[in-house]
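**Q** Sequence plus predicted model, see below.
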Amino acid sequence: MSEVYSIFLSAVFSSFIVTTGIIAVIGSIYYLTYKCFASYISFDKIAQAERQMSAAKKNTVSN
């Protein structure tokens, strides 16, 4: 009975470690994307460029 219990405990522990690693990887990717590159990937700048492009398209004369 103790063998089954030890196998169960090792499976639970290893799955916990794997889950923690996955959470750490996802968290670090999120942190790097949204915190470090926030000045480069600015959604306000993207929206502003989009508005400028749509305004330029409205101002052009169609054939």
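**A** Alright, I've got the coordinates. Numbers count the residues shown, from 1 in each chain.
**Q** can you count the residues close to Ser54?
**A** Neighbour count for Ser54, taken as other C-beta atoms under 10 Å: 10. Any C-beta I mention is one placed from the backbone N, CA and C, and that applies to glycine too.
**Q** what does Phe13 give?
**A** Using other C-beta under 10 Å, Phe13 has 10 neighbouring residues.
**Q** That one sits in which helix or strand?
**A** Assigned by DSSP states H and E, Phe13 falls within helix 2-31.
**Q** Let me see the mean pLDDT of that helix.
**A** What helix 2-31 shows for mean pLDDT is 92.
**Q** in it, what counts as buried?
**A** When burial is assessed from 16 or more other C-beta atoms under 10 Å, helix 2-31 yields no buried residues.
**Q** Point out the other helices and strands that it packs with.
**A** Helices and strands touching helix 2-31, as assessed by 3 or more C-beta pairs under 8 Å, 6 or more residues apart in numbering; DSSP states H and E, are absent.
**Q** start the count at 147, not 1, going forward
**A** In the new numbering, first residue 147, that becomes helix 148-177.
**Q** Fine by me, we can end here.
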